[in-house]
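Q: could you work out the structure for the sequence below:
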Amino acid sequence: MLMFLFLLVFDWFKRNNCEWLFGPRRVVINGVSTQLHTRVARPLVRRVFIRETVEIPVDTAANVAVRLPYVNMHAPNADWLTDSREVRPGLLAARTLLSGDDKHAAIRFINLSGDNQIVRQGLSLSVAAPCCANHTETRPPTTPPMQTTLQRASPVIMIAPWAVRRRPPDR
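A: Next comes the predicted model:
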């Protein structure tokens with residue numbers, strides 16, 4: 001594919017009498033000189049979508065499968081970081097480090113809403129930002145601030161991420 005693309009570009013350059021002047025960073029097309037500029041890389045993100053419809057019962061936490069399609073061909077081969085957010089009142093998605101291969105990617109949800117919650121396949125959950133290998137953190141650029149529900153639940157999530165509240169054993 002790359003060779004084919006190169007041949008198409010080469011053919012176009014030849015038909016339009018192009019000269020690429022690397023030193024002065026100019027390209028001349030049919031006698032018209034154009035200054036070349038270095039493009040500043042924009043922050044790269046991958047969107048996070050729910051892979052399949054899942055029902056999360058009241059007062060429980062669940063891992064929900066997600067997919068991270070590539071937005072463009074320039075996305076690095078890296079791990080990806082999502083930020084915690086309140087999906088809807090009482091339904092929280094945890095901050096998660098996801099592998100670059102999204103085959104088994106999942107995000108932890110906790111349901112404090114008082115009702116069973118359904119997250120539907122294809123729901124756009126958030127964005128994930130590349131996470132550097134030296135473990136420095138990169139936050140997704142469009143993450144909304146957390147609501148009071150997460151502040152109320154954070155001690156529970158820190159202590160027991162697998163359960164919202166302790167229930168008495170069955171006798």
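Q: tell me where this structure has helices.
A: 2-15, 148-159 (DSSP state H).
Q: rank those helices by pLDDT, which is bottom?
A: Ranked by mean pLDDT, the helices of the chain end with helix 148-159 at the bottom, a mean of 43.
Q: contacts for stretch 23-40, please.
A: Contact with stretch 23-40 is made by 16-21, as judged by CB atoms under 8 Å, 6 or more residues apart in numbering. C-beta coordinates here come from the backbone N, C-alpha and C atoms, glycine included.
Q: which one (most neighbours) among those?
A: Within the contacts of stretch 23-40, neighbour counts (other CB atoms under 10 Å) peak at residue 18, which reaches 14 neighbours.
Q: the residue lying closest to that one once chain neighbours are set aside and residue 12: what is the separation?
A: Nearest residue to residue 18, sequence neighbours excluded (CB to CB, 6 or more residues apart in numbering): residue 29, at 5.2 Å. Residue 29 sits 10 Å away from residue 12, taking CB to CB, to the nearest Å as the criterion.
Q: shared neighbours of these two, anything?
A: Taking CB under 8 Å, 6+ apart as the criterion, residue 29 and residue 12 both touch residue 18.
Q: neighbour-wise, which of these two wins?
A: Of the pair residue 29 and residue 12, residue 29 is the one with more neighbours under other CB under 10 Å, namely 14 against 11.
Q: neighbours of the residue nearest to residue 47 when sequence neighbours are not counted, how many?
A: Excluding the flanking residues, the one nearest residue 47 by CB to CB, 6+ apart is residue 127, at 5.7 Å. Other residues near residue 127 number 21, with proximity taken as other CB under 10 Å.
Q: quick check, pLDDT for residue 127.
A: 87.
Q: who's residue 66 bridged to?
A: residue 50 (DSSP bridges).
Q: pretty sure it sits against residue 49.
A: Yes. Between residue 66 and residue 49 a contact is recorded at 6.4 Å, counting by CB atoms under 8 Å.
Q: okay, and the common contacts of the two?
A: Contacts common to residue 66 and residue 49, judged by CB under 8 Å, 6+ apart, are residue 125.
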